[in-house]
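Chemist: Please find the sequence and the predicted model below.
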Amino acid sequence: MNNQEKLFQAFASALNIELNQVSPELTYNTIAEWDSTAHMILIAEIEGVFDVMLDTDDIIDMSSVAKAQEILTRYEVQF
Amino acid sequence: MSELIPEDWFEMNPFALNQADKEIKMRQTLTSLHHHHLQHCEAYSNLFSDASMDSLEDFPYLAVRLFKYLTLQSIPQEQVFKILYSSGTTGQTPAKVILDQDTSRRQSKVLVKVLQDFIGKKRMPMLIIDHPGVLKSKDSYSARGAGIQGLSMFGRQPIYALNEDMSLNIEVVQAFAETHKNQPVLLFGFTFMVWQHFLQSLRKSENALNLNSGILLHSGGWKKLEAQKVSNEEFKRVCRKTLNIEKVHNFYGMAEQVGSIFVECEAGHLHAPIYADVVVRDPQTLKVIDNNNPGLLQVLSIVPGSYPGNSLLTEDLGSVLGVDDCLCGRKGKYFQVLGRLPKTEVRGCSDTQA
């Protein structure tokens, strides 16, 4: 699995949605499954999958799948 | 609505502006918000006019208890995203706060910016002094749950210290202290619950924890502790003795202005960040009174957009202690809260659960 596939998979399992529902455009709070509680589960999932430690700025900035990818790039995860 | 509250607010250090510059900036944003509410909230436009405001003290304020009796909203129904209920229990009408996506997002952003200045950006292992059931019901979004959820952004793998019956889960707590020995950890709870169900339970069972690199944040009102004659100093002393924690920060905030909280600094003073301010008024005449004199607290915040909650007269007493010159180095006003105006309801996240 490449990193983008890993990221999509992390969203699908953390938010408990189908993999085909995940796209770069998927945005926080636009689907019922991605609410503030699920957001913290998602953060933990992403930290585990990519072995990174996200700070509080990252948590509030991570408003879409594309944004998550951008943030991870700063932690030297390559897409 | 985002254009009402420019994004540059969130790029600044929340305590770097001196009071004069901060007031200019706040006044601009609060004026736009005032006009927004006049246009979009009928109850608000019935009460206030669009007279110009020359200083923060000129902004009209709503009595905070209006949120119990009226549904105050400045957005069309289809934009309502969440309704926050304050922690009212039997015999008390809960306050109702209408949120849209923008306001909800701003609440988190402001909370993060303010708290980062006290505890840093890094997230720490977290012990929540409450029981996990408090978050379970998604339909009733309580202020207590919202507080825990907001603070959880600062934690990793949050652990709950209490059982459903509010008894202390000592095994979990001891394991937490052992696992994170000598590491920075974050503890959060409502003041009365921290005192009664955590500190007192530890003392009774003759347990002490060594969380020497820990930070304890707590909020939610002192009324019940005042009745037990427990002061902030005593609270901190017991934290040192029972938890070996030196860094204890109380914060003052309310469900009607989630996000823009006033955090106690290292010198023991509550600080207004750039997003918020306090004005002290005479309880009888409602005129602004001088620093160091106690009166009713009016709180201002740039956070609310979906409801007219930017300027509220609370039922809390307090006094401004100084401006721009706190020993901790933070600019702006610093103040203390002295308790509640007599004859008001018992209110507050921690006072409603005995």
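Modeler: Looks like it came in fine.
Chemist: And for B:Asn207, nearest residue in space, chain neighbours not counted?
Modeler: Counting by C-beta to C-beta, 6 or more residues apart in numbering or on different chains, B:Asn207 lies nearest to B:Ile170, which is 6.4 Å off, once chain neighbours are set aside. From N, CA and C alone the C-beta is placed, and that goes for glycine too.
Chemist: list the contacts for the one you found?
Modeler: B:Ser201, B:Ser205, B:Asn207 (C-beta atoms under 8 Å, 6 or more residues apart in numbering or on different chains).
Chemist: For the chain, give me the ranges with low pLDDT.
Modeler: Because you didn't say which chain, this covers chain A. Along chain A, the model assigns pLDDT under 70 to no residue.
Chemist: looking at chain B here, not the other one
Modeler: Across chain B, the ranges flagged by pLDDT under 70 are B:1-2, B:87-91, B:137-141, B:343-354.
Chemist: Just give the nearest non-adjacent residue to B:Ser32, would you?
Modeler: Using C-beta to C-beta, 6+ apart, the closest residue to B:Ser32 is B:Leu4 (4.8 Å).
Chemist: The one you found: how many residues sit nearby?
Modeler: Under the neighbour criterion other C-beta atoms under 10 Å in any protein chain shown, B:Leu4 is assigned a count of 15.
Chemist: so it sits right up against B:Thr31, yeah?
Modeler: No - applying C-beta atoms under 8 Å, one finds B:Leu4 not in contact with B:Thr31, separated by 10.0 Å.
Chemist: for B:Leu312, phi and psi?
Modeler: The phi/psi pair for B:Leu312 (degrees, to the nearest 10) reads phi -130, psi 140.
Chemist: Just grab the bridge partners of it for me.
Modeler: For B:Leu312, the beta-bridge partners under DSSP bridges are B:Leu62, B:Val299.
Chemist: Look up how far B:Tyr61 lies from it.
Modeler: 6 Å (C-beta to C-beta, to the nearest Å).
Chemist: what residues are shared contacts of those two?
Modeler: Counting by C-beta under 8 Å, 6+ apart, the residues touching both B:Leu312 and B:Tyr61 are B:Gln298.
Chemist: Counting neighbours, what do you get for the closest residue to B:Thr179 other than its chain neighbours?
Modeler: Closest residue in space to B:Thr179, ignoring its immediate chain neighbours: B:Pro125 at 7.5 Å, by C-beta to C-beta, 6+ apart. A count of nearby residues for B:Pro125, using other C-beta under 10 Å, gives 18.
Chemist: for B:Gln174, same thing?
Modeler: Close neighbours of B:Gln174, defined as other C-beta under 10 Å, add up to 12.
Chemist: Please name the residues that touch it.
Modeler: Contacts of B:Gln174 were listed using C-beta under 8 Å, 6+ apart, and they are B:Asn207, B:Leu209.
Chemist: picking that back up, phi first, then psi, for the residue nearest to B:Asn207.
Modeler: B:Ile170 adopts backbone torsions of phi -60, psi -40, taken as degrees, to the nearest 10.
Chemist: Dump the C-alpha coordinates for stretch B:145-154 into PDB.
Modeler: Listed next in PDB are the C-alpha coordinates belonging to stretch B:145-154 (Å, rounded to 0.1, in the frame of the first residue of the first chain):
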ATOM      1  CA  GLY B 145     -19.100  17.200  27.700                       C
ATOM      2  CA  ALA B 146     -18.100  20.000  25.400                       C
ATOM      3  CA  GLY B 147     -15.500  21.200  27.900                       C
ATOM      4  CA  ILE B 148     -14.000  17.700  28.100                       C
ATOM      5  CA  GLN B 149     -14.100  17.300  24.400                       C
ATOM      6  CA  GLY B 150     -12.400  20.600  23.800                       C
ATOM      7  CA  LEU B 151      -9.600  19.900  26.200                       C
ATOM      8  CA  SER B 152      -9.200  16.400  24.800                       C
ATOM      9  CA  MET B 153      -7.500  18.000  21.800                       C
ATOM     10  CA  PHE B 154      -4.500  18.600  24.100                       C
END
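Chemist: Can you name the residues in contact with it?
Modeler: Outside stretch B:145-154, the residues that touch it by C-beta under 8 Å, 6+ apart are A:36-37, A:40, A:56, A:59-60, B:84, B:107-108, B:111-112, B:115, B:119, B:123-124, B:126, B:128, B:130, B:134-135, B:137, B:158, B:186, B:188, B:190, B:217, B:219-220, B:255, B:258-259, B:349.
Chemist: contacting residues for the residue nearest to the spatial centre of chain B?
Modeler: Centroid-nearest residue in chain B, with C-alpha atoms, centre = their mean: B:Gly253, separated by 2.3 Å. By C-beta under 8 Å, 6+ apart, the residues touching B:Gly253 are B:Ser219, B:Gly259, B:Ser260, B:Ile261, B:Phe262.
Chemist: In chain A, what residue comes closest to chain B?
Modeler: A:Asp55 (4.2 Å; C-beta to the nearest C-beta).
Chemist: What number of neighbouring residues does the residue lying closest to that residue once chain neighbours are set aside come out with?
Modeler: Leaving aside its sequence neighbours, A:Asp55 sits nearest to B:Lys121 (C-beta to C-beta, 6+ apart; 4.2 Å). For B:Lys121, the neighbour count with other C-beta under 10 Å is 14.
Chemist: Please list the residues of chain A that sit near chain B.
Modeler: Counting by C-beta under 8 Å from any C-beta of the partner chain, the positions of chain A adjacent to chain B are A:29, A:35-37, A:40, A:44, A:53-57, A:59-60, A:63.
Chemist: Cross those residues against helices and list the overlap.
Modeler: The members of the residues of chain A next to chain B that map onto helices under DSSP state H are A:Ser36, A:Thr37, A:Met40, A:Ala44, A:Thr56, A:Asp57, A:Ile59, A:Ile60.
Chemist: Name only those of these that count as buried.
Modeler: Among these, those scoring as buried are A:Ser36, A:Met40, A:Ala44, A:Thr56, A:Ile59, A:Ile60 (criterion: 16 or more other C-beta atoms under 10 Å in any protein chain shown).
Chemist: farthest-separated two in those?
Modeler: A:Ala44 and A:Ile60 (15.7 Å; C-beta to C-beta).
Chemist: Any idea how many residues pack against the residue of the stretch 151-300 of chain B found nearest chain A?
Modeler: Using C-beta to the nearest C-beta, the single residue of the stretch 151-300 of chain B nearest to chain A is B:Met153, 5.2 Å away. Counted with other C-beta under 10 Å, the neighbours of B:Met153 add up to 20.
Chemist: what's the answer for B:Thr191, then?
Modeler: Close neighbours of B:Thr191, defined as other C-beta under 10 Å, add up to 25.
Chemist: Likewise for A:Leu15?
Modeler: By other C-beta under 10 Å, the residues close to A:Leu15 number 21.
Chemist: how close does the closest residue to it other than its chain neighbours get to A:His39?
Modeler: Setting aside the residues directly before and after it, A:Leu15 is nearest to A:Glu33 in space (C-beta to C-beta, 6+ apart), at 4.5 Å. Distance, A:Glu33 to A:His39, using C-beta to C-beta: 10 Å.
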